[in-house]
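A.B. asks: one predicted model, sequence on top.
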Amino acid sequence: MVHLVMHLATEAKIGGPVCYRSMWFTERYLGRLKSNVRNKAHPEGSIAEAYLADECMTFCSRYIVGFETEHNLPSRNEDSEELVGRSDVPRRSTLFPHAGNPVGNPGNYVLRGLEKVQAHRYVLFNCSDVNSYLRAHADEMTHRRNLNVDTIERTQNEKFHEWFRAHIKKLEKENGINGIKNDIRWLSRGPVNAARRYRAFNSRGFRFRPKRLDKKTQNSGVMVTAKTSRYATAGNANPVLRDVTYYGRVIDIVELNYSGQFSVVLFKCEWIDVFSEEGIQKDKYGYTLVNFSHLMHKGDKIEHEPFIFPDQADQVFYVEDEHNPGWSVVMKQPRPRDVYDIGIERAVDTETEPFHVSHLGEMFKRKNNNQYWVRTDVEGTLVDANIASSKEEGQNHEGCGEEVET
């Protein structure tokens, strides 16, 4: 009955939990047993044979490895590194941790020009094994030249991938290919133009889809907290790193192919301008509102960064604000599907902080102060600066007087 809903709370107070007083669970189990009846003349025998067969298969399935059974079926958003019965998962590089698993068959995708440079650059700048080469490139640029951090950052965004490739080839000629990691060698070559595109991707318990395929569901919303360079003033050339939360939507799920040796999956996203009040606001209730008509960039310049790793993204949903047309409220899931709070803390993988030019401060300090004019082999003498300056002025006056007398 329609009016029964209003009495459920009172029934729960009187009768207690529904599992102790309801027959719904028993009726469901009886319905499962009735579905096993094949011979209506002997229904009890059909149910007994089906129950015995189910018990035997359950026992055997616990000793079968490598096959999907009723008891080891992966969850809907399975993202573990070892998938049962899956052989189409591409080989991952030792340079990057496992980020998740693709869903469905891939499609063909061609990387060209600016998009290829942006994707490859993001992979390089977020690889801990490449940080030493980034520092070497910055040291080479500042050799006999005094460059600020802003210039170094802009130059590395444009030319580091080319320098990295030439530098690795040079090391191969000098030291041989055995002196460099195999994955580093192929990483320096860059991805091939022939890439792959996926319709969905499972990562960290979430399922992400591109915006063009997100019609009945909303799985394209992403949120990323990253360290970003910000300048205190317009004329300041020294950037400061601080955490900034970005909101956007997945446009494409692209898998880069590094000459068939390994592959890296990236999300290509459109990002809201979080540094402008026209792109993001806070309402009086503390909710975050975003406006997709004001994007941070369109990815048409080399310094733009539309790509992220799948394991860096958190899934969010955007609910249209009826009172503010064009604005959407950001809603975040408390936890992914099939993850329950049982009081045990899950081990969190420590992510390597990506390289940034502001980390070069110590290197510049050592480089500018590599000449020392103080002796360290004898004990120093403390001198009062005020007394020393007054004596120096007196000596200067005496010298001037002598010159006048002569």
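C.D. replies: Great, that's in hand. Numbers count the residues shown, from 1 in each chain.

A.B. asks: pull the number of nearby residues for Arg144.
C.D. replies: As a burial measure, Arg144 scores 4 neighbours (other CB atoms under 10 Å). For the C-beta atoms, the positions are set from N, CA and C on the backbone; glycine is no exception.

A.B. asks: likewise Lys301?
C.D. replies: 10.

A.B. asks: name the nearest residue to Pro106, ignoring sequence neighbours.
C.D. replies: With sequence-adjacent residues excluded and distances taken as CB to CB, 6 or more residues apart in numbering, Pro106 is closest to Arg196, at 4.0 Å.

A.B. asks: likewise for Leu241?
C.D. replies: Closest to Leu241 by CB to CB, 6+ apart is Lys227, at 4.7 Å.

A.B. asks: part of a strand, is that neighbour?
C.D. replies: Yes: counting by DSSP: H, G, I helix; E, B strand; the rest coil, Lys227 is located in a strand.

A.B. asks: before we move on, the earlier item: just checking, the residue nearest to Pro106 touches Val110?
C.D. replies: No: counting by CB atoms under 8 Å, Arg196 stays clear of Val110, with 10.4 Å between them.

A.B. asks: out of these two, which sits in the busier spot?
C.D. replies: Arg196 (18 against 11).

A.B. asks: gap between that one and Glu158?
C.D. replies: 27 Å (CB to CB, to the nearest Å).

A.B. asks: who's in contact with Leu111?
C.D. replies: 119, 191-195, 254, 256 (CB atoms under 8 Å, 6 or more residues apart in numbering).

A.B. asks: give me that answer again for 10 Å
C.D. replies: Contact partners of Leu111, counting by CB atoms under 10 Å, 6 or more residues apart in numbering, are 117-120, 190-195, 254, 256-257.

A.B. asks: ok, now which ones touch Ile180?
C.D. replies: Here Ile180 is in contact with 168, 171-172, 188 (criterion: CB under 10 Å, 6+ apart).

A.B. asks: buried subset of the residues you listed?
C.D. replies: Neighbour counting by 16 or more other CB atoms under 10 Å classes 168, 171, 188 among the contacts of Ile180 as buried.

A.B. asks: pLDDT, distance to Asp54 and secondary structure added to those residues, as a markdown table?
C.D. replies: A markdown table is the format used below for those (pLDDT from 0 to 100; distance: CB to CB, whole Å; DSSP: H, G, I helix; E, B strand; the rest coil):
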| residue | pLDDT | distance to Asp54 | secondary structure |
| --- | --- | --- | --- |
| Ile168 | 93 | 59 | helix |
| Leu171 | 91 | 62 | helix |
| Ser188 | 94 | 56 | helix |
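
A.B. asks: ok, Ala200 touching Val265?
C.D. replies: No: taking CB atoms under 10 Å as the definition, Ala200 is not a contact partner of Val265, at 11.7 Å.

A.B. asks: which of the two has more neighbours?
C.D. replies: The residue with more neighbours, out of Ala200 and Val265, is Val265; 22 against 19, by other CB under 10 Å.

A.B. asks: tell me what that one is bridged to.
C.D. replies: Beta-bridge pairing for Val265 (DSSP bridges): Glu255.

A.B. asks: pretty sure it is touching Arg196, no?
C.D. replies: Yes: under the criterion of CB under 10 Å, Val265 makes contact with Arg196 at 9.0 Å.

A.B. asks: and for these two, which residues touch both?
C.D. replies: The contact lists of Val265 and Arg196 share 90, 102, 253-256, where a contact means CB under 10 Å, 6+ apart.

A.B. asks: ok, so of those residues, who is nearest Arg21?
C.D. replies: Pro102 (46.4 Å; CB to CB).

A.B. asks: what's Asn257 sitting at in phi/psi?
C.D. replies: The phi and psi values for Asn257, taken as degrees, to the nearest 10, are phi -110, psi 110.

A.B. asks: that one contacts Pro191, correct?
C.D. replies: Yes: look at Asn257 against Pro191 with CB under 10 Å: they come within range, at 5.8 Å.

A.B. asks: intersection of neighbour lists for those two?
C.D. replies: With CB under 10 Å, 6+ apart as the test, Asn257 and Pro191 both reach 111, 263-264.

A.B. asks: where's Leu241, which helix or strand?
C.D. replies: strand 240-258 (DSSP states H and E).

A.B. asks: from the chain's centre, how far out does that strand sit?
C.D. replies: Put simply, strand 240-258 sits 7 Å off its chain's centre (CA atoms, centre = their mean, to the nearest Å).

A.B. asks: for stretch 247-265, buried residues please.
C.D. replies: 247-258, 262-265.

A.B. asks: returning to what we had before: quick one: which of the contacts of Ile180 is nearest Glu162?
C.D. replies: Ser188 (10.1 Å).

A.B. asks: does the closest one really touch Val123, like I thought?
C.D. replies: No: using CB under 10 Å, Ser188 makes no contact with Val123, being 11.1 Å away.

A.B. asks: overlap of the contact sets of the two?
C.D. replies: By CB under 10 Å, 6+ apart, the residues touching both Ser188 and Val123 are 130, 161, 258.

A.B. asks: burial of Pro102, as a residue count?
C.D. replies: Considering only other CB under 10 Å, Pro102 is surrounded by 22 other residues.

A.B. asks: likewise for the one 4 residues further on?
C.D. replies: If you count neighbours by other CB under 10 Å, Pro106 ends up with 17.

A.B. asks: can you give me the end-to-end span of stretch 282-301?
C.D. replies: 30 Å (CA to CA, to the nearest Å).

A.B. asks: tell me the gap between it and the middle of its chain.
C.D. replies: 19 Å.

A.B. asks: do the same with stretch 182-192
C.D. replies: On CA atoms, centre = their mean, the centre of stretch 182-192 falls 21 Å from that of its chain.

A.B. asks: mind listing what's buried in it?
C.D. replies: Buried, per 16+ other CB under 10 Å, within stretch 182-192: 183-188, 190-191.

A.B. asks: stretch 96-104 too?
C.D. replies: 96, 99-103.

A.B. asks: where's the dip in pLDDT among the residues you listed?
C.D. replies: Taking the buried residues of stretch 96-104 together, the minimum pLDDT is found at Ala99 (84).
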